[in-house]
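[1] Got a predicted model here, sequence first, then my questions.
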Amino acid sequence: MTNIMDVKYRSYDKNSNLMIAILIASAVSFLLIECADKLFKKNPNIVIICSALSLLTVTVLLIMMRAKSRFIANDFHVTFQKVLSRDIVINYLDIDEITVYAQMAQLRGRYGNYHNIYVEVIIFKTTDGKEYTFKNIMDISPDSKVGALLGTDKIFEMGKFKILKQFIERKMTALTPS
């Protein structure tokens, strides 16, 4: 019987540069549409359609950036999936070392104010010398009363990547010959 973990998580990335690039690209596309309209005296419906498509593309990209990532772990490998990225598959037999730790970080809110968050980090080192790092924004805030009651040790033990590490280690011991 196959035991599978399928978990969604909020990836912690520094997407501010990508966000700025998307906004600049959208502004440039609107300017190009406007210049093409003036230069070629095309039908105004074409300009409206191109503007709407450009705005729709920017909106979809921004929504996709906010989408949750996920990992799927089965008996033999773990697959990390992220929107706008290729899937990363790590076979258990190829894993040399797994490290999980948590750190505090600051996240910028909607109105420019910053608030504290816990970020859980998992690092896979493989036998071929590659290193894969994934970051998860934990569900419990360091500023919450629940976080203060539970304590940081309890919070970190309940982390998604900590549970994944334990799952993989159990599967690795089952895969290695006695």
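    Cool, got the structure.
[2] which is the next helix or strand following the helix or strand residue 48 falls within?
    Secondary structure from DSSP states H and E places residue 48 in helix 44-65. Of the helices and strands lying after helix 44-65 in sequence (DSSP H and E), the nearest is strand 69-73.
[3] mean confidence for that next one?
    Averaged across strand 69-73, pLDDT comes to 94.
[4] and what of stretch 166-175?
    Per-residue pLDDT values across stretch 166-175 average out to 91.
[5] List the buried residues for that stretch?
    Across stretch 166-175, burial judged by 16 or more other C-beta atoms under 10 Å covers 167-168, 171. For the C-beta atoms, the positions are set from N, CA and C on the backbone; glycine is no exception.
[6] swap in stretch 158-166?
    159-162, 164-165.
[7] swap in stretch 96-108?
    In stretch 96-108, counting by 16+ other C-beta under 10 Å, buried: 98, 100, 102.
[8] which residues does the nearest residue to residue 133 once chain neighbours are set aside bridge with?
    Leaving aside its chain neighbours, residue 133 sits nearest to residue 123 (5.0 Å; criterion: C-beta to C-beta, 6 or more residues apart in numbering). Beta-bridge pairing of residue 123 under DSSP bridges involves residue 99, residue 133.
[9] helices and strands of this structure: which one has the lowest mean pLDDT?
    helix 145-150 (a mean of 63; mean pLDDT, DSSP states H and E).
[10] Going by residue numbers, what spans are helices in this protein?
    Assigned by DSSP state H, the chain shows helices spanning 16-40, 44-65, 145-150, 152-157, 160-175.
[11] ranking those by mean pLDDT, which is last?
    Taking the mean pLDDT of these, helix 145-150 comes last: a mean of 63.
[12] Count the neighbours of the closest residue to residue 50 other than its chain neighbours for me.
    Nearest non-adjacent residue to residue 50, counting by C-beta to C-beta, 6+ apart: residue 33, 4.8 Å away. Neighbour count of residue 33, defined by other C-beta atoms under 10 Å: 18.
[13] State the distance from residue 33 to residue 56.
    Look at residue 33 and residue 56: by C-beta to C-beta, to the nearest Å, they are 13 Å apart.
[14] cool, residue 76 as well?
    In this view, residue 76 and residue 56 are 40 Å apart by C-beta to C-beta.
[15] wait, doesn't residue 127 sit right on residue 92?
    No: the criterion here is C-beta atoms under 8 Å, and residue 127 misses it with residue 92 at 11.1 Å.
[16] The two: who's more crowded?
    Between residue 127 and residue 92, counting by other C-beta under 10 Å, residue 92 is the more crowded of the two (20 against 11).
[17] I'm done for today, thanks for sticking with me.
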